[in-house]
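S.K.: Here is a sequence together with a model predicted from it:
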Amino acid sequence: MVTRGLRKIRGNKKGDLPDMLVFVVITFILAVGLFVLAFVIPEISSKLATSGMNNSAEGQGAIDQMASIGTTIIPYGFLFLFGGLIISTLITSFFIRTHPIFMFLYIAFLALSILISLYLGNAYEQLSQNPIFASTFSSSSLINLIMGNIVQITLAVGALSIIIVFAKFRSGVGDGSAPGL
């Protein structure tokens with residue numbers, strides 16, 4: 001009865017082989033998108049502050065609060081989303097049931113993910129070296145830290161994922177799998 005309920009909760013929620021590729025691409029899309037958003041919000045708020053359309057204290061407070069979103073909240077939001085991506089990748093790795101003979105495929109996909117993360121990290125670096133983004137680059141230290149070390153992070157998360165996939169404990173009771181497979 002309990003094992004049937006456990007199977008119902010887990011359902012078909014299994015991880016997949018290219019999870020690391022998805023992890024790297026989503027990280028890049030989030031980093032670039034939030035970096036551009038961190039650039040746009042202070043630009044808009046500075047133009048609103050100098051336009052003179054709203055000279056009240058409440059209006060200036062709202063404009064200042066909007067400017068702080070671009071410089072403080074967005075980098076921490078990226079860190080939060082990035083941590084969630086790592087956790088979800090590791091959780092989905094736990095739901096994969098596969099035979100150890102397929103480890104070479106996981107290693108090949110990890111190598112491909114590392115290669116792609118190298119190119120995407122360089123693309124982010126070229127974006128950040130644009131002189132227009134100089135002030136945003138200096139204020140987005142968390143995004144820069146993660147994207148500057150994306151290759152090492154991809155290697156670490158991929159290695160943990162492989163370890164979880166192939167070294168997890170399997171009881172073989174109630175889940176329809178033979179022990180050790």
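M.R.: Arrived safely, thanks for sending.
S.K.: buried sites along stretch 36-45?
M.R.: For stretch 36-45, a neighbour-count test (16 or more other Cβ atoms under 10 Å) marks 38-39, 41-42, 45 as buried. Quick note: C-beta positions are derived from backbone N, CA and C, even for glycine.
S.K.: now those residues in CSV, with secondary structure and distance to residue 122?
M.R.: Below are the buried residues of stretch 36-45 laid out as CSV (DSSP: H, G, I helix; E, B strand; the rest coil; distance: Cβ to Cβ, whole Å):
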residue, secondary structure, distance to residue 122
38, helix, 20
39, helix, 20
41, helix, 26
42, helix, 26
45, helix, 31
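S.K.: Pick out whichever of these sits closest to residue 69.
M.R.: Distance to residue 69, by Cβ to Cβ, is smallest for residue 41 among the buried residues of stretch 36-45, at 5.7 Å.
S.K.: and the gap between that closest one and residue 51?
M.R.: 16 Å (Cβ to Cβ, to the nearest Å).
S.K.: ok, now residue 162?
M.R.: Counting by Cβ to Cβ, the gap from residue 162 to residue 51 is 55 Å.
S.K.: The two - which one has more neighbours?
M.R.: residue 162 (17 against 10; other Cβ atoms under 10 Å).
S.K.: Now the more buried one: closest residue in space, sequence neighbours ignored.
M.R.: residue 106 (5.2 Å; Cβ to Cβ, 6 or more residues apart in numbering).
S.K.: Could you tell me what pLDDT the model assigned to that neighbour?
M.R.: At residue 106, the model reports a pLDDT of 87.
S.K.: mind listing what it touches?
M.R.: 17, 161-162, 165-166 (Cβ atoms under 8 Å, 6 or more residues apart in numbering).
S.K.: So among the residues you listed, which ones count as buried?
M.R.: The buried subset of the contacts of residue 106 - by 16+ other Cβ under 10 Å - is 161-162, 165.
S.K.: In the protein, where is pLDDT below threshold?
M.R.: Flagging of the chain using pLDDT under 70 yields the residue ranges 1-17, 53-54, 168-181.
S.K.: and if we set it to 90?
M.R.: 1-22, 34-77, 89-107, 127-144, 161-181 (pLDDT under 90).
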